[in-house]
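>>> how does the following fold in three dimensions:
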Amino acid sequence: MGYKVDKSDEQWREELSEEEYHVLREAGTERAFTGEYTDTKTVGVYNCRACGAELFRSQTKFESHCGWPSFYDPADTDAVETRADHSIPGRPRTEVRCATCGSHLGHVFAGEGYGTPTDLRYCINSIAIRLDPADSDS
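A predicted model of the protein is given here:
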């Protein structure tokens, strides 16, 4: 796929920490309940840690108690892309990637009764995103 931000594997390795690289570029997963944004309630915008693209807004973040930050809708319909993930035999999932650079963010789940406007849970690795807090003066 052609992404707006297209870097070599070597460039990504130079720019990202080992753990960031593992999650963002190798589709790894951070341990549940360990990420910095799991319980964050700060108002702001969540951007891709690899390229800075806007992905989610705090208004769509909710407590799903799954161990990772959860959102019910991306900031824009074009902010993320999804694809089938069959990496765990017998447990098909839908992977979520940044539409700007192709970095792995997490997975999206549907129809589990979240009580959100979309009934979706975008389960996102904290290490894949960076919170840009809203201006405290506004």
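>>> pull the CA atoms of the lengthiest helix in the chain into CSV?
Criterion DSSP state H: the longest helix present in the chain is helix 18-26. Extracted in CSV, the C-alpha atoms of helix 18-26 (Å, rounded to 0.1, in the frame of the first residue of the first chain):
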residue,chain,number,x,y,z
GLU,A,18,12.5,-0.9,20.5
GLU,A,19,9.1,-1.3,22.1
GLU,A,20,7.5,1.2,19.9
TYR,A,21,9.0,-0.5,16.8
HIS,A,22,7.7,-3.9,18.0
VAL,A,23,4.1,-2.7,18.4
LEU,A,24,3.9,-0.1,15.5
ARG,A,25,5.9,-1.9,12.8
GLU,A,26,5.7,-5.6,13.8
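>>> mind giving me the packing neighbours of it?
helix 9-15, strand 104-110 (3 or more C-beta pairs under 8 Å, 6 or more residues apart in numbering; DSSP states H and E). For the C-beta atoms, the positions are set from N, CA and C on the backbone; glycine is no exception.
>>> for it, which positions count as buried?
Judged by neighbour count using 16 or more other C-beta atoms under 10 Å, the buried positions of helix 18-26 are E20, Y21, H22, V23, L24, R25.
>>> which of the helices and strands packed on helix 18-26 sits most buried?
Of those, the one with the most neighbours on average (mean count of other C-beta atoms under 10 Å) is strand 104-110, at a mean of 21.
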